[in-house]
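K.L.:
Test case, fold it:
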Amino acid sequence: MVDEKRLRAMIDLARFEQIEGKEDLRICNFYKSDFVTLAVIKNFFLMTLGYFMVLAAIGIFFLDYLMDNFKYINTNNLLILVVGGYLVVLGVYTIIEIIIALVRYSRALDAVDEFDDKLKDLGLAYQGKTRKPQKTQEKRNKK
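P.N.:
Numbers count the residues shown, from 1 in each chain. All right, here's what the predicted structure looks like:
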């Protein structure tokens, strides 16, 4: 006879593995430092591309002014402004990306830990045993 409780547990676990937790399982395949480093590298390239696209759009918008007054513009100050702005924006977005990556990794780790607990409970249910529930934070402190 099929136990409905175990069947529901298997369906929930399969749903997590195939739909809800697919990204969480992928994230947990990385070490935390590797995941954050990958996020920072992606941030660097995408932010650089975005910054220079915005800079090009601003340059196109003010193209008439730039062409008329090019000989009067101090290019050293303009270059310092552009590079300084780039470094400030890059620094701010890098810090934000590190925080976001750490939060995503932490949430994914919690979700996968909960998935593993449910999987162990299901395995014990098939053996006819039960185990004492243990909080995720307590498990991490033991590691």
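
K.L.:
Might you list the low-confidence residue ranges for this structure?
P.N.:
The chain contains residues with pLDDT under 70 at 1-2, 130-143.

K.L.:
who are the neighbours in contact with the residue positioned nearest the centre of the chain?
P.N.:
Geometric centre of the chain, nearest residue: residue 101, 3.8 Å, by C-alpha atoms, centre = their mean. Contacts for residue 101 (C-beta atoms under 8 Å, 6 or more residues apart in numbering) come out as 35, 36, 39, 40. Using the backbone N, CA and C atoms, a C-beta is placed for each residue, glycine as well.

K.L.:
Does the helix or strand encompassing the second one pack against any helices or strands, and if so which?
P.N.:
Taking DSSP states H and E as the definition, residue 36 sits inside helix 32-61. The elements that helix 32-61 packs onto, with contact taken as 3 or more C-beta pairs under 8 Å, 6 or more residues apart in numbering; DSSP states H and E, are helix 75-127.

K.L.:
Check the burial of residue 90 by counting its neighbours.
P.N.:
Around residue 90 there are 15 other residues, counting by other C-beta atoms under 10 Å.

K.L.:
Then the one 3 residues further on?
P.N.:
By other C-beta under 10 Å, the residues close to residue 93 number 17.

K.L.:
go on, the one 5 residues further on?
P.N.:
Summarising burial for residue 98: neighbours were counted as other C-beta under 10 Å, giving 15.

K.L.:
if I read this right, it contacts residue 39, doesn't it?
P.N.:
Yes: between residue 98 and residue 39 there is a contact under C-beta atoms under 8 Å: 7.3 Å.
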